[in-house]
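# give me a 3D structure for the following:
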Amino acid sequence: MPTYHIDQTDQKILSFLVKNARMPFLEIARECGVSGAAIHQRVKRLESNGVITGSRLLVKPQALGLNVCAFISISLSEANKYPEVIANLRKIPEIVECHFVTGKYAILTKVYCLDNDHLMEILLNTIQKIPYIQSTDTMISLDEAIERQVWVKDYKSTSYSAGIKSAE
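Modelled structure (predicted):
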């Protein structure tokens, strides 16, 4: 897939939408000095080029009684069994993120559980029983100090955006 180059107007649009995905296109248009139709077309182009991959409603886990957030590092007995292990991890609804990582462990997951007993149940009776999982290491989060999506260069700022090539 070719790299899509983001111009200054795209950058402005993304900076508004990352902060508030429900911001009306007309309000973004006023801020950018273009028509609402232009914003709509640009957002569609950003979506079709894979820059915007969707929008979602965010729910605080604690509101659902999910009071324990943990990160579980997983080592595999056979690295080539990674796809098989991932297929099994996908079946566990408590896992909200899963990354193939470098270092001592092969996989890093983020899980939300009701309490420590629930976490222990998931670890001992679900994750550690998946074939080819050799061991796990668990860290419980005491506080989520920063929660945000990927940052987008604020069009008023002089800093650079992460992971996005700009046509400026």
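# with adjacent residues omitted, what lies nearest to residue 61?
Counting by Cβ to Cβ, 6 or more residues apart in numbering, residue 61 lies nearest to residue 112, which is 4.6 Å off, once chain neighbours are set aside. Any C-beta I mention is one placed from the backbone N, CA and C, and that applies to glycine too.
# find the helix or strand that the one you found is a member of.
Assignment of secondary structure by DSSP states H and E places residue 112 within strand 107-113.
# report the buried residues of that strand.
For strand 107-113, burial by neighbour count (16 or more other Cβ atoms under 10 Å) applies to 107, 108, 109, 111, 112, 113.
# can I get those residues in TSV with pLDDT?
Formatted as TSV, the buried residues of strand 107-113 follow (pLDDT from 0 to 100):
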residue	pLDDT
107	98
108	98
109	98
111	98
112	98
113	98
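# reformat those as TSV; add distance to residue 21.
Shown next, in TSV, are those (distance: Cβ to Cβ, whole Å):
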residue	distance to residue 21
107	29
108	26
109	25
111	25
112	22
113	27
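# of these, which is the nearest to residue 151?
Taking Cβ to Cβ as the measure, residue 151 lies nearest residue 108 of these, at 20.9 Å.
# circling back to that earlier point, now the helix or strand following the strand holding residue 112 against strand 107-113, angle please.
Using DSSP H and E, the helix or strand that follows strand 107-113 in sequence is helix 116-125. Put simply, helix 116-125 runs at 140 degrees to strand 107-113, going by axes from the mean of the first three to the mean of the last three Cα atoms, to 10 degrees.
# what does the next helix or strand after helix 116-125 contact?
Using DSSP H and E, the helix or strand that directly follows helix 116-125 along the chain is strand 133-141. Outside strand 133-141, the residues that touch it by Cβ atoms under 8 Å, 6 or more residues apart in numbering are 68-77, 85, 105, 116, 119, 123, 127-128.
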